[in-house]
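[1] Have a look at this fold, sequence not included:
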C-alpha cells in the first residue's frame, strides 16, 4: 500500500510537470511573453505536488503504527488489561500474531485483537492511498490555475527548493534535539522511580527486575558508580596502550619513513580503523582473552575470564590508527620553518621531533587523544562481547568489569517494556554517556581549533 | 683528556675530541632508539592486524566447505502415502536408509547413527518427493549435510587420541563415520548453504541469506534517506547559508553529531521510532532509519568538502552568463562535485554496514529462520548475525562466525574499492 501511495504521488507530480509545461508553452505559442521558461512552470507544479504529498505520506507512515496500537488496545474486551501487569507485552504479542508469527495457542481475545489489528492496517493502507490521491489532485488543480504569462515560476520553484534545503540542514538539529529529548524524557521517568542521588552516588548496580510490582527500586539497586568506574578502567587500559603506539607510529611515519614505505604503511594502518567493532569483539573473545588467561596462569596471576585487559587492549588496536592519524596531522601542521631551524642548528631528527615539533603539536595531539577517549567510552561492541556483565567496584584491570554501554545494551536487548525502571535505567545511562562524550568532544574540538593556527 | 683548558671554549670546538664523539654517538643512539621504537610500534599494529586476519581466515575457511553424506534412500509406500506425499514419515524413511547402510548395527545404535545426518535430511527428502511423487517406491540417492559434530570430525577438529569421555563422539561413532568414508559416501563440497540459507539453530544449516538481505534493505533505506538529506543540507550550508549565529549552531551541531556514540542513536531509535511511532521491531526499515541519522553527518561533511573543491571561477562564469544562483549550483557545481560526494557517501555507507550496537537496540538480533521479503519484516543484519553466532556455543558456529566476518569484510572491501575507483577515475583536480 505504501508503495502504491508513493507511485500515486510520483505520477501525479510528473503529470503536473508535463501539464504545466505544456500549458505554459501553449501560452507562449499563443503570442504572450512568459516571465519564466516553460520548464520552470513544470518544475513548480512538480514541487508543489511532490513536497506536501510526500510529507503527508511520511507523517502517515510514522503515526499510523501508534494510532493502530491505541485503537487495538482500546478495542480489547473490558478487564483483560486490568489484570495484566504489562500492556506493552500484550501489545507485542498481538503484533506478532497479526504479523503471522503465532507461538503456542494464544487466548481467543488476543487472536481477535490481532485480526482487528490486521484489518485496521489494511484499512489504513487504503485510506493512505485515497488521501494521497485526493491531495495530489487538489494540488494539481491549484498549480494548473497559476500558469499565467507573468507568473514568476522560477522564483517560486527556487523558493520551494531553498525551503527544502533549509529543512534538510535543520534535520541535523532535529536529530540532536530528538536525542536529547528522548533521553531526558525517559530519564525523568526513571528518576521518578529512583532518586537522582541514589543513581549518581550509589555503589551497587544490580538492575535485575524485581518479581513483584510492589518492590520496584526496593530490590534493584541503581548506583552508577561501579559501572562508571568499569568504563574508566577499560578506557584507561585502551588509552595507555593506544597513545604511545599511535604516537610513535605517527612519529616514525612522519619523520623517518621513506615516501614509499609511508605510502604503503598508512593505508594498512587505516585498515584497522575500517574494521567493524563487532569483529574486534569476536577477536577479543576468541584470541586475546584466552591468551591473556594463559599468560596469567603461566605467571601465577589470576586473570578473570572477562578481564578488562582483554577488552581494553583490543579497543587499543582499534584506536591506534585514530590517534596516529591525528598525531600525523598535528605534526605535519607544524610550520616547516621550525623544523628547518632545528635541523640547521644541528639537532638530530629525533631531537627535532621531541623538542621542537612535539611541543608545537601538543594541542592537536591532545585533541586527538580526547576524541579517542570519547570513542573508547562510547564503544559498545568490543566491551559487550569481551567485558563482564556484573558491576564491581574495582580498578584492577585483570578483574572483570562492566561499562555503561554494556549495561545499556543488556538492559534493552530482547522485548522491552517502557514502564520498568530496568528499561528506563538504560536511558539514564544513555543520557550520562551522551553528556560525558559531548563534553569531551566539545573540549577536544575547542583545543584543536584554538591552538591550531597559532603559527600562521 | 682529563685536564681542562683554561677558557673552556677549546673543548667546545674540539670536534674530534672523545667527549664530543661520545656525545654525538649518544645522540645518534637516541635517534636510532626513537626510530626503532616507532618502527616497533608500527610493527605491533601490523602484527595485530595480521593476527586478526589470520585468526579469521584460518578459522573461517573451514566453514566455506560442509561435509555431506550421500545416501541411498528406499522410499516405500508404507512410509510415504502417494496420495499425500507431504505428510509422509520421512524421519522413518531416513532411519530405514541408515539401517540399510549399516546392516549389522544393533537396534540401540540406530539412534546414534541417525545423528550423523543433519536434521535437514528429512526435509531435503520431503521436498524432492513432493516435487516428484513418482519417486515413491524407488531408491533415491540424496546428498545431505552431516550434523555439526561429524562435520568437525571430518575437518580434523576432533582429537581422536583423547579420552573417549571428553569428546562428544565416542569411538563407535567415529568408526561408523570412517566406514561411510571408506564407502566413498562422504564429500566436502563448497558450502552454498552459507549463502542460500537463513539462520538456524543447527550450525550445519545456518546461513547468511537473511542477514545479507536484511543488511541490504537497511543500507538501501539508509541511502535513500541520508543521501538526499545530506546533499540538501550540505548545499545550503556551503552555498547559500548566511554567515550568522544560526548557521554556526547548525555547523557545530553536525560536527558534534558525527561524534555521538552509536549506541545513543540506538536509544533514539528505540524511544522514538519503536515506542512513540509504534514501528515494527527488528525491521530493516527502522534499522535503516537509525543508520541514516548516523550517516547523515558523514555525508554532509564529505559533500561540503567536495563542493568546496569546485573552483569559484566555475560559479562566476555561470553567474556571468545570467544563470540564477540555484541554476549555478544544480547545473554546474553539483555535477562537478558528484564524484567526491559519491565517494564520501559510499564510505559512510560502509561504516553503516559494520555498525552493530544501534541495530541490537532496535531488535535486529532476532532469531529469524527466513529471509525478509520486504524491509518491514523482522530480520537480522550481517553484523548482528555475527554477534548472535559469536554467542553460540557450538563449535560449528565459531567457524561460521569467522566466515560471516569474512563475508562482511568482503563487502566492506568491495565498497571501499568502488569508492577509490570513483575517486581515481572521475575526480578532477583544478
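    Cool, the structure landed. Everything numeric in this text was worked out from a predicted model, so none of it was measured. Numbers count the residues shown, from 1 in each chain, chains lettered A, B, ... in the order given.
[2] what's the strand or helix carrying residue B:130 in contact with?
    Assigned by DSSP states H and E, residue B:130 belongs to helix B:121-131. Contacts with helix B:121-131, where a contact means C-beta atoms under 8 Å, 6 or more residues apart in numbering or on different chains, come from B:71, B:73, B:75, B:80, B:85-86, B:88, B:90-91, B:93-94, B:135-136, B:140, B:142, B:144-145. Where C-beta positions appear, they are placed from N, C-alpha and C, glycine not excepted.
[3] contacts with chain A among those, please.
    Among these, not one lies near chain A by C-beta under 8 Å from any C-beta of the partner chain.
[4] where does the nearest residue to residue A:115 once chain neighbours are set aside sit relative to residue B:269, distance-wise?
    Leaving aside its chain neighbours, residue A:115 sits nearest to residue A:98 (7.7 Å; criterion: C-beta to C-beta, 6 or more residues apart in numbering or on different chains). Distance, residue A:98 to residue B:269, by C-beta to C-beta, to the nearest Å: 22 Å.
[5] Up against chain A, what does the stretch 51-200 of chain B have?
    Residues of the stretch 51-200 of chain B lying near chain A by C-beta under 8 Å from any C-beta: B:51, B:52, B:55, B:56, B:59.
[6] where's the dip in pLDDT among the residues you listed?
    Ranked by pLDDT, those bottom out at residue B:59, which scores 86.
[7] so where does that one fall, helix or strand?
    Using DSSP H and E, the element containing residue B:59 is helix B:18-60.
[8] got a list of what whichever residue of the stretch 1-150 of chain B sits closest to chain A touches?
    Closest to chain A within the stretch 1-150 of chain B is residue B:38: 2.7 Å, counting by C-beta to the nearest C-beta. If you count contacts by C-beta under 8 Å, 6+ apart, residue B:38 has them with A:248, A:249, A:251, A:252, A:253, A:255, A:256.
[9] of these, list those near chain B.
    A:248, A:249, A:251, A:252, A:253, A:255, A:256.
[10] that older thread, out of the contacts of residue B:38, who has the most neighbours?
    For these, the largest neighbour count, defined by other C-beta atoms under 10 Å in any protein chain shown, is 31 neighbours, found at residue A:249.
[11] Against residue B:39, how distant is that one?
    Going from residue A:249 to residue B:39 by C-beta to C-beta gives 9 Å.
[12] Same question for residue B:400.
    From residue B:400 across to residue B:39, the span is 38 Å (C-beta to C-beta).
[13] of the two, who's got more company?
    For residue B:400 and residue B:39, the more surrounded residue by other C-beta under 10 Å is residue B:400, and the numbers stand at 29 against 16.
[14] And that one, its phi and psi?
    The phi and psi values for residue B:400, taken as degrees, to the nearest 10, are phi -70, psi -30.
[15] now do residue B:69
    Backbone geometry at residue B:69, expressed as degrees, to the nearest 10, gives phi -110, psi 140.
[16] What of residue A:58?
    Dihedral angles of residue A:58 (phi, psi; degrees, to the nearest 10) stand at phi -60, psi -50.
[17] how many other residues sit next to it?
    Neighbours of residue A:58 (other C-beta under 10 Å): 10.
[18] Give me the pLDDT for it.
    For residue A:58, pLDDT reads 87.
[19] cool, and residue A:274?
    Reported pLDDT for residue A:274: 89.
[20] So it versus chain B, what's the distance?
    Counting by C-beta to the nearest C-beta, to the nearest Å, the separation of residue A:274 from chain B is 6 Å.
[21] dump the residue contacts of that residue.
    B:350, B:354, B:412, B:416.
[22] Would you tell me which one of these comes nearest to chain A?
    So of these, ranked by how close each gets to chain A (C-beta to the nearest C-beta), first place is residue B:354, at 2.8 Å.
[23] Need the contact partners of stretch A:252-260.
    With C-beta under 8 Å, 6+ apart, stretch A:252-260 has contacts from A:262, A:265-266, A:269, A:324, A:328, A:331-332, A:349-350, A:352-353, A:357, B:35, B:37-39, B:41-42.
[24] So what would you say the end-to-end distance of it is?
    Distance between the two ends of stretch A:252-260: 13 Å, counting by C-alpha to C-alpha, to the nearest Å.
[25] and if you look at stretch A:19-38?
    End-to-end distance for stretch A:19-38: 10 Å, by C-alpha to C-alpha.
[26] re the thing from before, looking at pLDDT only, which of the ones next to chain B among the contacts of residue B:38 scores worst?
    Among the ones next to chain B among the contacts of residue B:38, residue A:255 has the weakest pLDDT, 87.
[27] Just the pLDDT for the residue nearest to residue B:225 when sequence neighbours are not counted.
    Residue nearest to residue B:225 in three dimensions, not counting chain neighbours: residue B:292, with 3.9 Å by C-beta to C-beta, 6+ apart. pLDDT for residue B:292: 95.
[28] Residue B:51 versus residue B:292, what's the distance?
    Residue B:292 is 35 Å from residue B:51, by C-beta to C-beta.
[29] Compare those two and say which one has the larger neighbour count.
    Neighbour comparison, residue B:292 and residue B:51: the larger count goes to residue B:292, with 26 against 15 (by other C-beta under 10 Å).
[30] just checking, that one is part of a helix?
    Yes: if the criterion is DSSP: H, G, I helix; E, B strand; the rest coil, then residue B:292 is within a helix.
[31] Could you tell me which residues make contact with it?
    B:221, B:222, B:223, B:225, B:226, B:229.
[32] if we go to 6 Å?
    By C-beta atoms under 6 Å, 6 or more residues apart in numbering or on different chains, the contact set of residue B:292 is B:222, B:225, B:226.
[33] number of nearby residues for the residue of the stretch 1-150 of chain A found nearest chain B?
    With C-beta to the nearest C-beta, the shortest gap between the stretch 1-150 of chain A and chain B falls at residue A:65, namely 3.1 Å. Residues contacting residue A:65 under the criterion other C-beta under 10 Å number 19.
[34] Surely it and residue B:279 touch.
    Yes: contact status for residue A:65 versus residue B:279: in contact at 5.2 Å, counting by C-beta atoms under 6 Å.
[35] so where's chain A uncertain?
    A:79-88, A:101, A:103, A:208-219, A:414-418, A:452-456 (pLDDT under 70).
[36] Show me it divided up by domain.
    Per the record, chain A has its domains at A:2-181, A:221-452, by automatic domain parsing.
[37] With chain B instead?
    Using automatic domain parsing, the domain parsing of chain B gives B:18-62, B:66-189, B:209-426.
[38] mean pLDDT lowest for which of those domains?
    Ranked by mean pLDDT, the domains of chain B bottom out at domain B:66-189, with a mean of 82.
[39] Show me which residues of stretch B:39-52 are buried.
    Within stretch B:39-52, the residues that count as buried by 16 or more other C-beta atoms under 10 Å in any protein chain shown are B:39, B:41, B:42, B:44, B:45, B:46, B:48, B:49, B:52.
[40] whoops, stretch A:348-357 was the one
    By neighbour count on 16+ other C-beta under 10 Å, the buried set for stretch A:348-357 is A:348, A:349, A:350, A:351, A:352, A:353, A:356, A:357.
[41] Could I get the full set of helices for the stretch 201-350 of chain B?
    B:209-235, B:245-257, B:262-268, B:284-309, B:312-320, B:325-328, B:334-354 (DSSP state H, counting those that start in this stretch).
[42] ok, and the closest non-adjacent residue to residue B:346?
    The spatially closest residue to residue B:346, leaving aside those adjacent along the chain, is residue B:419, at 4.1 Å (C-beta to C-beta, 6+ apart).
[43] For that neighbour, what are phi and psi?
    For residue B:419, the backbone dihedrals are phi -60, psi -40 (criterion: degrees, to the nearest 10).
[44] From residue B:364, how far off is it?
    25 Å.
[45] Quick check: end-to-end length of stretch A:183-201?
    Terminal-residue distance, stretch A:183-201 (C-alpha to C-alpha): 20 Å.
[46] That's all I had, so thanks and see you.
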